[in-house]
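*Asks:* Would you be able to build a 3D model of this:
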Amino acid sequence: QEQVVESGGGLVEAGGSLRLSCVASPRSLSIADMAWSRQAPGKEREFVARVNWIFGRTNNSDDVKGRFTISKDNAKNTVFLDMKGLKPEHTAIYYCTAKPLIGRELWGQGTQVTVST
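*Replies:* From the prediction side, this is the model:
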């Protein structure tokens, strides 16, 4: 079964850091890119960052540039989102997506990130 599963969310104080992980399966899945998006309470889902699986090119939303970093481990079909200097406004459910070379985009269930003041 093709799926993505996020982990690493939690409660952190403002100014702290978190690393989110997302694993796409099965291992044989041919991935074009993986990305993170988020949905804050009462707001629409928004793009955070994306990484091209073959060439490694990344792009981030302007809001997180210099603060969040997306990276990948091709061998493990895993994408990471390293977040530093977190602020309360970063509180959201963070979703991972995997876009296969063939087939539909896969969405995870999300992982909650809560930043306290």
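
*Asks:* Locate the spatially most central residue of the chain within the secondary structure: which element?
*Replies:* Nearest to the mean C-alpha position of the chain, by CA atoms, centre = their mean, lies Trp36 at 3.1 Å. In the assignment (DSSP states H and E), Trp36 maps to strand 31-39.

*Asks:* pLDDT on that strand, on average?
*Replies:* Averaged across strand 31-39, the pLDDT comes to 97.

*Asks:* And the next helix or strand after it, how far out from the chain middle?
*Replies:* Per DSSP H and E, strand 31-39 leads on to strand 46-52 as the next helix or strand towards the C-terminus. With CA atoms, centre = their mean, to the nearest Å as the basis, strand 46-52 stands 7 Å off its chain's centre.

*Asks:* Which positions within the very next helix or strand once past strand 46-52 qualify as buried?
*Replies:* Later in the chain than strand 46-52, the nearest helix or strand by DSSP H and E is strand 58-60. Going by neighbour count (16 or more other CB atoms under 10 Å), the buried part of strand 58-60 is Asn60. C-beta: built from backbone N, CA, C; applies to glycine.

*Asks:* ok, now stretch 77-93?
*Replies:* Of the residues in stretch 77-93, 77-81, 83, 86, 90-93 count as buried by neighbour count, 16+ other CB under 10 Å.

*Asks:* now it, how far from the chain's geometric center?
*Replies:* Taking CA atoms, centre = their mean, one finds the center of stretch 77-93 at 7 Å from the center of the full chain.

*Asks:* before we move on, back to that, okay, the strand holding Trp36 in PDB with CA atoms only?
*Replies:* The C-alpha trace of strand 31-39 is given here as PDB (Å, rounded to 0.1, in the frame of the first residue of the first chain):
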ATOM      1  CA  ILE A  31       9.200   9.600  -6.200                       C
ATOM      2  CA  ALA A  32       9.200  12.800  -8.200                       C
ATOM      3  CA  ASP A  33       9.200  15.200  -5.200                       C
ATOM      4  CA  MET A  34       8.100  15.400  -1.600                       C
ATOM      5  CA  ALA A  35       6.700  18.500   0.200                       C
ATOM      6  CA  TRP A  36       5.500  19.900   3.500                       C
ATOM      7  CA  SER A  37       2.400  22.000   3.900                       C
ATOM      8  CA  ARG A  38       0.600  23.100   7.100                       C
ATOM      9  CA  GLN A  39      -2.800  24.200   8.300                       C
END
